[in-house]
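Chemist: My questions are about this predicted structure, shown below with the sequence.
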Amino acid sequence: MKFRHDINGLRAIAVIAVVLFHFNTPLLSGGFAGVDVFFAISGFLMTSIIIRGINNNNFSILSFYKARAIRIVPALLVMSVTVLLLCYFILIPLKFEQLGRHVMGSLNFMSNITYWKESGYFDTSSQTKWLLHTWSLSVEWQFYLLYPILLVLLKKIFSLNVIKKILVIMTMLGFIFSIYASYYWPSPAYYLFPTRAWEMMMGGLVFIYPINIQASKKKYVEYSGLFFIIVSYFFISKTDMWPGYLAFIPVFGAALVILAANQDSIITSNKYIQKIGLWSYSIYLWHWPIVVLGRYLDIQYWAVIGIPSSVLLGFLSYTLIEKKRFELKAIFIPYLFVLLLSYIVLSHVNIFYNIPKSIFKAVVTNTKTDHNGAYTWSRIRKLNKKIDFITHTKNKVLVIGDSQAGDFLNAFYDAKLTKNVEIVARVVEADCGFFYLTPNEQESAYLQSPTIKNSTMWQNKCKKFIKHVDDGNALKDANVIILAMYWQNVNMDWIFKSIENIRKKNPNAEIYVVGGKSFDTQVSTLVYNAYRKKIDIGSYAAKNIASNNKENRVFQNKLFESKSVLAKYNYHFINMTKIMCHNDKCDVIDSDNNIFYSDRRHTTRAGTKYIGMQLNKMHVFPNTIVKPM
């Protein structure tokens, strides 16, 4: 295939959008759709290579893989090892260990699966992951692995005309599945190959169904395609369901531009766009670590430095690495070396820090360690499936909330407060911010919530969660109702309104509101910093109790404990700050260095046992309500 200036220019338009979006410039709210444009381009190019090779009877799957590796791996290797070396000097052990996992996932082209399991793409926690952007390379590589095998097998059975029809059907089915998955499973839908394959296959359809467009009309087809792409960049945002049906807009736009094949376009063929297009892969590789570096160092107006730096590093990477076209055997040994290095970082990170074994486990604890995250959720999700109380015990306890309710429920069991008690749970996820509002109240609350006000997906999910609170007769039959959530400052009025609605539904139950127990910094990081600074961890933790604009514990506790508020809404408040902190110190680790938190606000098994002990010690629940076993 001759060099396509239009496709090269389209690459530039895609990478410019992605870079501007990631540097948080206010210009392009939907710049992330540039990745979808890349997917369509890859689908077209790969389909053309494979179909031409099959028709000429000279297609080799191994040669195809080799060419892709030579094209992609060298620059990825250099970027990965550079990030590893830089981060050794600036990251704490837990984050450096995580980086080792991410480098391995990137080099194995499985990072999309790694990131899906960790968090959503637009989640705050994802925005400081140094290799997050490699998820799209992993999706493309998975396409490279499977697509040629599929086409070769189909060619052995069907004619090319039949294969074309099969690919059309597969593209349509893939698009429909992507819409469905984006609604019900948004995070995996964003990251995983099955919901993205149709975008690449859409590009492939442009090759297998070519349309001969008159030279005088090419620019109109191209402009139409560019219009769709630009619309997606400006009018779509991260609050929209994605990829979903909206992803059709940039993908279709890219398909039109490729179909037009306008080699004399003043937009895609000018020399500046052509240069950016040539450097686009390398710019994409380098821009995201630069974004994260700016966030890590908290540099204002970082885009002014970061965007030119991304272009410069992209140019250098293209000139010094991409253009060299190394032999596969020259790539293999460096590839194994970086892979081995990332494995050592992941599995033996203390080699690089030499922390005493007595506290090392605490320093690297997270929600995945010892299945902490699963432990938080397992009991409450099981009890969430119960519709009604089924026994005639004196005390029927209903627990409502998110993972914080899961934590408290585990502590409740560790305190052995379950004698003559039956428990039912209702899960309402943290992003909702409140737990029991009428439909009209929900609509008003959504408008005030920065998390979900523009997200139809989350509004629909929260409606289902709140509706589930009313399932059966558990709410009105409960003697004790425990409310525990990740309380956020912005939602406090709606939280009290939810309590009021709960009280109206059940006038006689004893209601307990469990306060937050968050810190501003991950607790394993607090332990590491206290060790490094040689200061007392309890005192250091007390200075890091959550006090940010999203979750200010002093502000919230004062509201929850207000005598007028307690009298108005008739509930008991469990102040978790007083449970965890005493004499200007917060207990976050025991005498054997077992840490109590797996992140900033979720407790480990050691943590729930500690809270359970404190609940009994401080007689939080009177014996008339629940009795220790």
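Modeler: Noted; the coordinates are in hand.
Chemist: quick one: the strands in the stretch 351-500 of the chain?
Modeler: Assigned by DSSP state E, counting those that start in this stretch, the strands in the stretch 351-500 of the chain fall at 395-401, 421-427, 480-484.
Chemist: could you dump those to CSV with mean pLDDT?
Modeler: Converted to CSV, these look like this (pLDDT from 0 to 100):
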stretch, mean pLDDT
strand 395-401, 95
strand 421-427, 96
strand 480-484, 97
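Chemist: Let's have these in TSV, adding mean neighbour count and distance to A261.
Modeler: Where you see a C-beta, it was placed from the backbone N, CA and C, and this is true even at glycine. Converted to TSV, these look like this (neighbours: other Cβ atoms under 10 Å; distance: least, Cβ to Cβ, whole Å):
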stretch	mean neighbour count	distance to A261
strand 395-401	25	57
strand 421-427	22	53
strand 480-484	24	60
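Chemist: would you list those in JSON lines and tack on distance to S518?
Modeler: Shown next, in JSON lines, are these (distance: least, Cβ to Cβ, whole Å):
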{"stretch": "strand 395-401", "distance to S518": "14"}
{"stretch": "strand 421-427", "distance to S518": "19"}
{"stretch": "strand 480-484", "distance to S518": "12"}
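Chemist: nearest to L132, of the ones you listed?
Modeler: Minimum separation from L132 across the strands of the stretch 351-500 of the chain (Cβ to Cβ) falls at strand 421-427, 28.0 Å.
Chemist: Can you tell me which of the strands of the stretch 351-500 of the chain is nearest to Y183?
Modeler: strand 421-427 (19.0 Å).
Chemist: for the closest one, the distance to its chain's centre please.
Modeler: How far strand 421-427 lies from its chain's middle: 29 Å, per Cα atoms, centre = their mean, to the nearest Å.
Chemist: what do you get for stretch 191-207?
Modeler: Stretch 191-207 sits 22 Å away from the centroid of its parent chain (Cα atoms, centre = their mean).
Chemist: Going by neighbour count, which residues of it are buried?
Modeler: By neighbour count on 16 or more other Cβ atoms under 10 Å, the buried set for stretch 191-207 is 191-193, 195-207.
Chemist: what's the closest of the residues you listed to F435?
Modeler: Y191 (29.0 Å).
Chemist: Just list what the one helix or strand V292 maps to packs against, helices and strands only.
Modeler: If you go by DSSP states H and E, V292 is part of helix 271-297. On a contact count with 3 or more Cβ pairs under 8 Å, 6 or more residues apart in numbering; DSSP states H and E, helix 271-297 meets helix 5-22, helix 61-90, helix 302-320.
Chemist: can you count the residues close to L313?
Modeler: By other Cβ atoms under 10 Å, 20 other residues sit near L313.
Chemist: Quick check: the gap between the nearest residue to it once chain neighbours are set aside and P186.
Modeler: Closest residue to L313 apart from its sequence neighbours, by Cβ to Cβ, 6 or more residues apart in numbering: W286 at 4.0 Å. From W286 across to P186, the span is 28 Å (Cβ to Cβ, to the nearest Å).
Chemist: If you count surrounding residues, which of these two has more?
Modeler: Neighbours per residue, other Cβ under 10 Å: of W286 and P186, the larger number sits with W286, 27 against 21.
Chemist: Contacts for stretch 435-450 next, please.
Modeler: 400-401, 426, 428, 433-434, 452-453, 459, 462-463, 465-466, 469, 483, 485, 490-491, 494-495, 497-499, 501-502, 505 (Cβ atoms under 8 Å, 6 or more residues apart in numbering).
Chemist: Please check those and keep the buried ones.
Modeler: 400-401, 426, 428, 433-434, 452, 459, 462-463, 465-466, 469, 483, 485, 491, 494-495, 497-499, 501-502.
Chemist: Nearest residue to the middle of the protein?
Modeler: By Cα atoms, centre = their mean, the mean C-alpha position of the chain lies nearest to G120, the distance being 1.8 Å.
Chemist: That one looks like it's in a strand, true?
Modeler: No. Counting by DSSP: H, G, I helix; E, B strand; the rest coil, G120 is located in no strand; its state is coil.
Chemist: That one: what's it in contact with?
Modeler: G120 neighbours (Cβ under 8 Å, 6+ apart): S126, P186, S187, Y190.
Chemist: for the nearest residue to the first one once chain neighbours are set aside, phi and psi?
Modeler: With Cβ to Cβ, 6+ apart as the criterion, S126 has its nearest non-adjacent residue at 5.0 Å, and that residue is S119. Reported as degrees, to the nearest 10, the phi and psi values for S119 are phi -170, psi 170.
Chemist: what sits against S119?
Modeler: S125, S126, S187.
Chemist: How about V37?
Modeler: L10, I13, A14, A17, I229, P250, V251, G253, A254.
Chemist: from the contacts of S119, which is closest to P622?
Modeler: Looking across these and measuring by Cβ to Cβ, the closest to P622 is S125, at 39.2 Å.
Chemist: Okay, the closest one and S269: tell me how far apart.
Modeler: Counting by Cβ to Cβ, the gap from S125 to S269 is 41 Å.
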